[in-house]
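Trainee: The sequence and its predicted three-dimensional model are supplied below.
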Amino acid sequence: MTARELVEILDGEIISGESRLDEEVQSIGAGDMMSDILALAKPGMVVLTAHTSPQSVRTGMVTELLGLVVVQNKNIPPATIELARQNDFLLIRTKGFMFSTCGKLYTAGFKGIDG
């Protein structure tokens, strides 16, 4: 499935990376610690997180993630948004909490890294 479909399922808000919406989501993971994201990350993956610092985008870029979904409608600092926009990095925000957001994506057929 595509990133565009992911956004629709989550009723997400696209913060940056609009040009990447038609790319295929290879897998999905979830984590709030950068060490978890580094350990999980695979190219083409989307990671759900509540972490909003610029470091989350840097970590995503280094690991070639397709993008990040920020859960809980968290406020994303301007520096994080600017970094994502400068690098055409897909950054999405959703109102759902981590558990329910993962459930929606799993039910829709998105696969985790272990599936």
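Mentor: Structure received.

Trainee: show me the contacts for the residue nearest to Pro43 when sequence neighbours are not counted.
Mentor: Closest residue in space to Pro43, ignoring its immediate chain neighbours: Glu64 at 3.9 Å, by CB to CB, 6 or more residues apart in numbering. C-beta here means a position set from N, CA and C on the backbone, and glycine is covered the same way. The neighbourhood of Glu64, defined by CB atoms under 8 Å, 6 or more residues apart in numbering, consists of 41-44.

Trainee: could you pull out the strands for the protein?
Mentor: Taking DSSP state E as the criterion, the chain carries its strands at 13-16, 27-30, 45-49, 67-70, 90-93.

Trainee: Buried residues of the lowest-mean-pLDDT helix or strand in the chain, list them for me.
Mentor: Comparing every helix and strand of the chain by mean pLDDT, DSSP states H and E singles out helix 34-40 as the least confident one, with a mean of 79. Judged by neighbour count using 16 or more other CB atoms under 10 Å, the buried positions of helix 34-40 are 34, 36-37, 40.

Trainee: Now distance to Glu23 too, for those residues, in CSV please.
Mentor: Compiled in CSV, these are given as follows (distance: CB to CB, whole Å):
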residue, distance to Glu23
Met34, 23
Asp36, 23
Ile37, 19
Leu40, 19
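
Trainee: ok, of these, which one's closest to Thr94?
Mentor: Ile37 (17.3 Å; CB to CB).

Trainee: Which parts of the chain are helices?
Mentor: The residue ranges that make up the helices of the chain, judged by DSSP state H, are 3-10, 34-40, 54-62, 78-86, 98-107.

Trainee: The residue nearest to Leu65 when sequence neighbours are not counted: neighbour count?
Mentor: Using CB to CB, 6+ apart and skipping the chain neighbours, the partner closest in space to Leu65 is Met45 (5.3 Å). Neighbourhood size, Met45 [other CB atoms under 10 Å]: 22.
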